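**Student:** when you get a sec, could you give me coordinates for this:
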Amino acid sequence: LSEPSTWGEKLLWLNHHWQPEVKSQCADKYRVREFIKQQGLENILIPLLGVWEDAKDIDFDTLPDKFVLKCNHGCAMNILVTDKASLNKEEAVNQLNEWLKVDLGKMSGERHYSKIKPFVIAEAFLPVEKETDVVDFKIHCFNGEPKFIGVCYDRDPVTQTSKGLIYSPTWERMMILQGDDPTCSYPQPQRLPEMLEMAKKLSRDFPYVRVDLYAIKDEMFFGELTFSPDGNVPEREYTVEASQMIGSWLDLSDLKS
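**Tutor:** Numbering: from 1, shown residues only. Model (predicted):
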């Protein structure tokens, strides 16, 4: 960590040495909404239906037939509700309250998560017929500049796994994932230039952040801001050569000085 060069090493350096309050705010799936509004992008926020400190306080009668319940202080703490009538409410409440007890920062070493006050939030369901239709565009930004885009599609609603491809900002395949299949492709989103401009605006104050956006027909929605992809160990998914290349894009000189 004294002389980090790879992407993973630099992410770990940031995890140890760069922990401003805004980092925790933007990793918080509830408080990030205020940050998005401050950037003038309130129009891409998914409608918020409710916020609770205790899942037992959720009034399910006020929620629509389809919605999403999630905890704000970590990852993979989501319940997709496609039919409220068939939802086991007691089971959902118990699961959410168990998640509220989790300190992801202690579990994973991603320190910024430990500073987040846990809440349960409910958001509107994205305007798709089924959850597998949701496509996630993960725009990796370095010192405010988008460098590559991960496309996650065919997501399994149970395991949360999906197919993934990497593209450049000009929509050329980048073969930097382990086991990349060169025969796979995904069409360029119609509003790609607009997505890139949004990512620049949201990332301009950070040495590195991943801006997640959903593009659905002619609408765009904000997903989240991520500072520690793959738990700060991107080599789990990316090649060693890619980690070296991407590491060269992440300039820490101002922070180190």
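
**Student:** do you have the strands of the stretch 101-250 of the chain handy? List them.
**Tutor:** Using DSSP state E, counting those that start in this stretch, the strands of the stretch 101-250 of the chain run over 120-124, 136-142, 145-153, 163-167, 208-216, 219-226.

**Student:** what's the closest of the ones you listed to residue 237?
**Tutor:** strand 163-167 (8.0 Å; C-beta to C-beta). Every C-beta, even on glycine, is put in place using the N, C-alpha and C of the backbone.

**Student:** for the stretch 51-200 of the chain, what spans make up the helices?
**Tutor:** In the stretch 51-200 of the chain, the helices defined using DSSP state H, counting those that start in this stretch lie at 89-100, 104-108, 192-203.

**Student:** I'd like to know which of those helices has the weakest mean confidence.
**Tutor:** In terms of average pLDDT, helix 104-108 trails the rest of those, at a mean of 88.

**Student:** list the helices and strands that helix packs on?
**Tutor:** Using 3 or more C-beta pairs under 8 Å, 6 or more residues apart in numbering; DSSP states H and E, no helix or strand is in contact with helix 104-108.

**Student:** buried ones in that helix, by neighbour count?
**Tutor:** For helix 104-108, the neighbour count (16 or more other C-beta atoms under 10 Å) marks 104-105, 108 as buried.

**Student:** what does stretch 94-107 give?
**Tutor:** Within stretch 94-107, the residues scored as buried using 16+ other C-beta under 10 Å are 95-96, 99-100, 104-105.

**Student:** would you turn these into a markdown table with distance to residue 36?
**Tutor:** Converted to a markdown table, the buried residues of stretch 94-107 look like this (distance: C-beta to C-beta, whole Å):
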| residue | distance to residue 36 |
| --- | --- |
| 95 | 27 |
| 96 | 24 |
| 99 | 23 |
| 100 | 23 |
| 104 | 21 |
| 105 | 23 |
